[in-house]
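1. Here is my input; please provide its structure:
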Amino acid sequence: MGKYFGTDGFRGEANAALTGDHAYRIGRFVGWYYGARTGKKARVVIGKDTRRSSYMLEYAMAAGLTSSGADAYMLHVTTTPSVAYVTQGDGFDCGVMISASHNPYTDNGIKLINTNGEKLGEEVSEAIEAYLDAMAEKTHDRLPAATGEAIGEIIDYVSGRNRYVGHLISLAAHSFRNLRVGLDCANGSAWRIAPMVFDALGACTYVINAQPDGLNINRDAGSTHIDGLQRLVREKRLDVGFAYDGDADRCIAVDENGDVVDGDKILYIFAKDLKREGKLLNNTVVTTVMSNFGLYKAFDQAEIGYEKTAVGDRYVYECMQEKGCVLGGEQSGHIILGQYASTGDGILTSILLAEAMLKSKQGLCTLCEGMKMYPQVLRSIPVRDKRAVMENSRVQETVHAAQKRLSENGRILLRPSGTECVVRVMAEAPQQHIAEQCADEVIAAIRAEGLA
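-> You can find the predicted model right below:
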């Protein structure tokens, strides 16, 4: 991770850690960089979520791009995977998504996507960081400013978003008629697109948290606050429910009983389906170190191989590319289906889960049978310095001692967040109270060392 760009772009408190000036400068560099690289006017497509600050950052980014001679194409409020789809499909030099994903509305972020629809490589991110640091130290901008007819244009490109919606609808092989579906749009990017897609497919759709006001994105809503969708599914006796995060690259499902079907269970459903159809290339699924023990035991039982990466969908995708895999994802609901997309796509995930139900004529509860989840405890603790926590000898000794006690019947993991100044402690054990005890011991050590 760099100074500004983490595992999921440049993220922080809007107009504090991440300002309009940052967005303008990033736009300046990106517009110049791709123009110099290709020898012609760069084309960059921009999307945003529903945060109030997204408009500020969007306009600043467009100003920076056009002042460097690039053309900025505006998708307006849309999802991260739609930006990736349009960037790749329409041959843009770069895509920009303005969003802080599942974070509260006070935060925001800038995600950069390359021409292949993938997250931007570290080489370009590091060059942008160097430019931002240079501009912080001096007032002179070394990049040339476009003048006259070389100044870039700002172009409304809502048609690109509409093509993405059409693409999603085209992926369903079955009619969703009579399927009773709940959608929690998190008051974010999915608020129009997800209902539009499911309505077009014929589903009987019940929608919550689709009234964004700029301040309520993710507030007691979406994939990180699943209880609202659970209530909806139970009260309305729905067949299934899907919850998205702020930029809709995640999906967490709720089965017909109102029980949560997280990313690990979704991976299990898709892996079995792909294996049955002979489409699970290399018979391997890419997971992260946060996946539940129960998933690996279920894969072993089903004779499906797996890889483990660091947390972050970019690492999952990189491993999928390296190993030639078509399926990967995270417990949090980032699911990458390589046949269809280069990023996690929450709406795509929900469509294909509904397809799996219709094809098998079974509910999600039945499709999850064969996977038993281990009790898992996840604690997040704000800290002063993530690196200091990870390098502290007493903290590490506590982690090792807990793992020794758990032996092969569980595990404990300490890792820094890639997007926030927190560390996360995850513990799994055969019994809930054992997992809680192990996690609490590590947090106590962090506090005792004065690191929190």
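2. Strands of the stretch 301-450 of the chain, residue ranges please.
-> For the stretch 301-450 of the chain, the strands defined by DSSP state E, counting those that start in this stretch occupy 305-309, 327-329, 335-337, 376-382, 411-416, 422-428.
3. Outline the domain layout of the protein.
-> Using automatic domain parsing, the domain parsing of the chain gives 5-158, 171-367, 376-448.
4. which of the strands of the stretch 301-450 of the chain sits most buried?
-> Comparing the strands of the stretch 301-450 of the chain by mean neighbour count (mean count of other C-beta atoms under 10 Å), strand 327-329 comes out on top with a mean of 28. Heads up, the C-betas are built off the backbone N, CA and C, glycines and all.
5. To K119, which of the strands of the stretch 301-450 of the chain lies closest?
-> strand 335-337 (11.4 Å; C-beta to C-beta).
6. So what touches the closest one?
-> 251, 263, 266-267, 270, 286, 313, 316-317, 320, 326-329, 342-345, 348-349, 352 (C-beta atoms under 8 Å, 6 or more residues apart in numbering).
7. do the same with stretch 293-305
-> 264-265, 267-268, 271-272, 275, 280, 282-285, 287, 306, 370-374, 410-411, 428.
8. And it, how far out from the chain middle?
-> How far stretch 293-305 lies from its chain's middle: 24 Å, per C-alpha atoms, centre = their mean, to the nearest Å.
9. Next: stretch 312-321.
-> With C-alpha atoms, centre = their mean, you get 12 Å for stretch 312-321.
10. Give the buried residues for that stretch.
-> Within stretch 312-321, the residues scored as buried using 16 or more other C-beta atoms under 10 Å are 312-320.
11. I'd like the mean pLDDT over it, please.
-> The pLDDT scores in stretch 312-321 average 93.
12. residue ranges of the helices in the stretch 151-300 of the chain, please?
-> Remark: helices assigned in the stretch 151-300 of the chain by DSSP state H, counting those that start in this stretch are 158-170, 190-200, 227-236, 263-276, 293-302.
13. Residues touching the first one, excluding its own?
-> In other words, helix 158-170. Helix 158-170 is contacted from outside by 45, 47, 73-76, 78-79, 81-82, 85-86, 89-90, 193, 196-197, 200-201, 347-348, 351, using C-beta under 8 Å, 6+ apart.
14. List buried residues within these.
-> Looks like the contacts of helix 158-170 have 45, 47, 73-75, 78-79, 81-82, 85-86, 90, 193, 196-197, 201, 347-348, 351 buried, using 16+ other C-beta under 10 Å.
15. what's the neighbour count on I151?
-> 14 (other C-beta atoms under 10 Å).
16. Who are the contact partners of the residue nearest to it when sequence neighbours are not counted?
-> Distances taken as C-beta to C-beta, 6 or more residues apart in numbering put T66 closest to I151, at 5.9 Å, once the chain neighbours are dropped. Neighbouring residues of T66 by C-beta under 8 Å, 6+ apart: 27, 31, 72, 146, 151-154.
17. what about 6 Å?
-> By C-beta atoms under 6 Å, 6 or more residues apart in numbering, the contact list for T66 reads 72, 151-152.
18. TSV for those residues, including pLDDT and distance to I335?
-> Below are the contacts of T66 laid out as TSV (pLDDT from 0 to 100; distance: C-beta to C-beta, whole Å):
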residue	pLDDT	distance to I335
A72	98	30
I151	97	41
G152	97	36
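19. what about F242, neighbour count?
-> For F242, using other C-beta under 10 Å, the count is 28.
20. Contacts only, for it.
-> 183, 251, 253, 350.
21. in the sheet, who's paired with it?
-> F242 forms beta bridges with L183, A253, as assigned by DSSP bridges.
22. ok, now R11?
-> Here R11, judged by DSSP bridges, has bridge partners G109.
23. pLDDT score for it?
-> 94.
24. related to what we said a few turns ago, so which of the contacts of T66 is the closest to L238?
-> A72 (40.7 Å).
25. same for whichever strand or helix holds that closest one, what does it pack against?
-> If you go by DSSP states H and E, A72 is part of strand 71-77. The helices and strands touching strand 71-77, judged by 3 or more C-beta pairs under 6 Å, 6 or more residues apart in numbering; DSSP states H and E, are strand 43-48, helix 52-67, strand 154-156.
26. Could you please name the strands it pairs with and the direction of each pair?
-> Here strand 71-77 is paired, per DSSP bridges, with strand 43-48 (parallel), strand 154-156 (parallel).
27. what mean pLDDT would you report for whatever helix or strand comes next after it?
-> Where DSSP H and E defines the elements, the next helix or strand beyond strand 71-77 is helix 80-89. Per-residue pLDDT values over helix 80-89 give a mean of 97.
28. And the helix or strand following helix 80-89, what does it pack against?
-> Scanning forward in sequence from helix 80-89 by DSSP H and E, the next helix or strand is strand 94-98. In terms of contacts (3+ C-beta pairs under 6 Å, 6+ apart), strand 94-98 is packed against strand 43-48, helix 52-67, helix 80-89, strand 107-114.
29. G214 is nearest to which of the ones you listed?
-> Here helix 52-67 is closest among the helices and strands packed on strand 94-98 (C-beta to C-beta), at 3.5 Å.
30. C-alpha coordinates for the closest one, PDB please?
-> Taking Å, rounded to 0.1, in the frame of the first residue of the first chain, the C-alpha atoms of helix 52-67 are listed here in PDB:
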ATOM      1  CA  ARG A  52     -23.000  14.400  -1.000                       C
ATOM      2  CA  SER A  53     -19.200  14.700  -1.400                       C
ATOM      3  CA  SER A  54     -19.200  12.600  -4.600                       C
ATOM      4  CA  TYR A  55     -20.400  15.600  -6.600                       C
ATOM      5  CA  MET A  56     -17.600  17.800  -5.300                       C
ATOM      6  CA  LEU A  57     -14.900  15.100  -6.200                       C
ATOM      7  CA  GLU A  58     -16.500  14.300  -9.500                       C
ATOM      8  CA  TYR A  59     -16.500  17.900 -10.700                       C
ATOM      9  CA  ALA A  60     -12.900  18.400  -9.400                       C
ATOM     10  CA  MET A  61     -11.800  15.300 -11.200                       C
ATOM     11  CA  ALA A  62     -13.400  16.300 -14.400                       C
ATOM     12  CA  ALA A  63     -11.800  19.800 -14.200                       C
ATOM     13  CA  GLY A  64      -8.400  18.200 -13.700                       C
ATOM     14  CA  LEU A  65      -8.800  15.800 -16.600                       C
ATOM     15  CA  THR A  66     -10.000  18.500 -19.000                       C
ATOM     16  CA  SER A  67      -7.300  21.000 -18.000                       C
END
